[in-house]
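Visitor: just a sequence and a predicted model for now, questions to come.
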Amino acid sequence: MAEMDTSSGGGHKKGPGVKKPKKLSTRVDLTPMVDLGFLLITFFVFTTTMSKPTAMNMNEPKDDAKEEEMMKVKESAVMTILIGKGDQVYYYNGILTGDNATAIFKSSNFKDIRQIILDKRNSVPDGDKSKSDLMYIIKATKEAKFKNIIDILDEMQINAIPPGHYAEVDINDAELSLIKQTEDANGIK
């Protein structure tokens, strides 16, 4: 471990009859410290718990759902959220028809979408089943980023929208046309 070196430093005397004291030097052997370091590393590797990945549960509709099993929702309790390119979010309330398309189709961004979702939830009148009938439909274009889809699903969790009251479905041609017109008008590329 540690040892003392008792050899003299040369044996020179200064002056007649004066003995020089012996210089003692110490040397520490660090080999056992390496062993101790590896033992500690091994201990911490074996006793550490790895973080477990978390996943969000998403209830998707069954493909073979029968008419009587499908959830009926009032038109006033439906909000459709469309995700486009350039981190843009489009939305409309109710059902999109040719007559009301330009009036109800609105554009937003991810910064403001939380308040829009909350406003929709709060605009549905309280009643026996009104709040439970509220439904959010999420649709994404091919140019939408996966991150944006996850952000919208996170907003559903943050705003305490219960599972089963939001669903991700395919976008239709009329909605794609409105998104294209809006993007062209706003210069989004």
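Guide: Now that the structure is in, tell me what you want to look at.

Visitor: pop out the phi and psi values for Gln88.
Guide: phi -100, psi 140 (degrees, to the nearest 10).

Visitor: pLDDT score for it?
Guide: Listed pLDDT for Gln88 reads 86.

Visitor: tell me how far it lies from His165.
Guide: Counting by C-beta to C-beta, to the nearest Å, the gap from Gln88 to His165 is 24 Å. Where you see a C-beta, it was placed from the backbone N, CA and C, and this is true even at glycine.

Visitor: more neighbours: which of those two?
Guide: Gln88 (21 against 18; other C-beta atoms under 10 Å).

Visitor: is that one bridged to anything, and to what?
Guide: As for beta bridges, Gln88 partners with Asn109 under DSSP bridges.

Visitor: my read: it touches Lys106, true?
Guide: No. At 11.2 Å, Gln88 does not count as touching Lys106 under the criterion of C-beta atoms under 8 Å.

Visitor: and Asp119, which of the three is it?
Guide: Look at Asp119: counting by DSSP: H, G, I helix; E, B strand; the rest coil, its state is helix.

Visitor: now for it, how many residues are close by?
Guide: 10.

Visitor: quick one: it and Ser51, what's the gap?
Guide: 36 Å.

Visitor: ok so Glu143 is a helix residue?
Guide: No. Using three-state DSSP, the assignment for Glu143 is coil, not a helix.

Visitor: now do the SS call for the closest residue to it other than its chain neighbours.
Guide: Leaving aside its sequence neighbours, Glu143 sits nearest to Lys85 (C-beta to C-beta, 6 or more residues apart in numbering; 3.6 Å). The three-state assignment at Lys85 reads coil, by three-state DSSP.

Visitor: just the residues contacting stretch 181-189, thanks.
Guide: Gly84, Lys85, Gly86, Gln88, Tyr90, Phe105, Ser107 (C-beta atoms under 8 Å, 6 or more residues apart in numbering).

Visitor: wait, what's in contact with the second one?
Guide: Right, Lys85. If you count contacts by C-beta under 8 Å, 6+ apart, then Lys85 has Thr141, Glu143, Ala144, Lys145, Glu183, Ile188, Lys189 around it.

Visitor: just the element for Ile137, please.
Guide: Per DSSP states H and E, Ile137 falls inside strand 135-140.

Visitor: list the buried residues of the following helix or strand past that strand.
Guide: For strand 135-140, the following helix or strand on the C-terminal side (DSSP H and E) is helix 146-158. Using 16 or more other C-beta atoms under 10 Å as the test for burial, helix 146-158 gives Asn148, Ile152, Leu153, Glu155, Met156.
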